[in-house]
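Enquirer: give the three-dimensional model of this entry:
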Amino acid sequence: MFSDKYIIMSRSKSLMTGAQNTSKSLVNPVSTSSQQELQFGPDLTSALNIIENQYVSKMAAKKYLEIPELMTQYLSLNDTMVSSITKQRNTNLRLLFKIANDGLLGSLNSKTLNADNVDLNFQKLMLNRKVDDILSGKNEVNAMGDVTGEISITKTFKLAPLYSYYIYLYGMPDYGVGFDAAKLSLLVAIMNKYGINPYR
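Expert: As a prediction, this is how the structure comes out:
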């Protein structure tokens, strides 16, 4: 048996260049996967996990309202990634870290764009209702003359504006699921912004 002191290394010489190349040890030619696995510090590993789980995966799944809004968390993650990018000498890893940091920023931008899109759709809906009111002659008064015939009574239910706008923007919720609380709270904020009572 060979002792640890004496490790036999095989050397080969290139036929083309003549340069010598040291290959793997003859005693222990197979390295374990843990030796080849990339090792990151705990701060970087934590930052990458948070970016993937709380930001980028939510953006990919179009769950924009679930993306965190905490600026302190965003700034901390951004600082960790920028520091890792500048320290990294491996160009491939630097590129991957940059992609992760861009994904972090992109997810926040997508959340903002989603809220702006809902706001614009709400404005469009309000304008369409105003146009419909004008075209339908809501300001006209019908005078009843001598009228004969049957009378029918119908009962209509009027949804609160919040739910009417929700159905217009997002569609009717699935049976048994109900209205999404995050989407309702976003609509309440937008309606309050325009001075509309969401419940009357």
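Enquirer: remind me, longest helix of this structure?
Expert: Longest helix in the chain by number of residues (criterion: DSSP state H): helix 91-135.
Enquirer: quick one: mean pLDDT over it.
Expert: Averaged across helix 91-135, pLDDT comes to 90.
Enquirer: so after that helix, what's the next helix or strand?
Expert: helix 161-170 (DSSP states H and E).
Enquirer: how much does the longest helix of the chain deviate in direction from helix 161-170?
Expert: In terms of direction (axes from the mean of the first three to the mean of the last three CA atoms, to 10 degrees), helix 91-135 departs from helix 161-170 by 120 degrees.
Enquirer: check which helices and strands helix 91-135 is in contact with.
Expert: Other helices and strands packing on helix 91-135, by 3 or more CB pairs under 8 Å, 6 or more residues apart in numbering; DSSP states H and E, are helix 57-60, helix 71-87, helix 161-170, helix 181-193. (C-beta placed from N, C-alpha, C; glycine too.)
Enquirer: so which residues make contact with the last one?
Expert: What it means is helix 181-193. Residues outside helix 181-193 that contact it (CB atoms under 8 Å, 6 or more residues apart in numbering): 65-66, 115, 118-119, 122, 161-162, 165-166, 169-170, 197-198.
Enquirer: ok, now the shortest one?
Expert: By CB under 8 Å, 6+ apart, the residues outside helix 57-60 that reach it are Tyr64, Glu66, Ile67, Gly103, Gly106, Ser107, Ser110, Lys111.
Enquirer: torsion angles phi and psi at the third one?
Expert: Right, Ile67. phi -70, psi 130 (degrees, to the nearest 10).
Enquirer: surely Phe179 is in a helix?
Expert: No - Phe179 is assigned coil when assessed by DSSP: H, G, I helix; E, B strand; the rest coil, not a helix.
Enquirer: quick one: the closest residue to it other than its chain neighbours and Gln73, what's the gap?
Expert: Nearest residue to Phe179, sequence neighbours excluded (CB to CB, 6 or more residues apart in numbering): Pro173, at 5.5 Å. Pro173 sits at a distance of 31 Å from Gln73 (criterion: CB to CB, to the nearest Å).
Enquirer: might one say that Leu44 is in contact with Asp79?
Expert: No - the criterion here is CB atoms under 8 Å, and Leu44 misses it with Asp79 at 11.4 Å.
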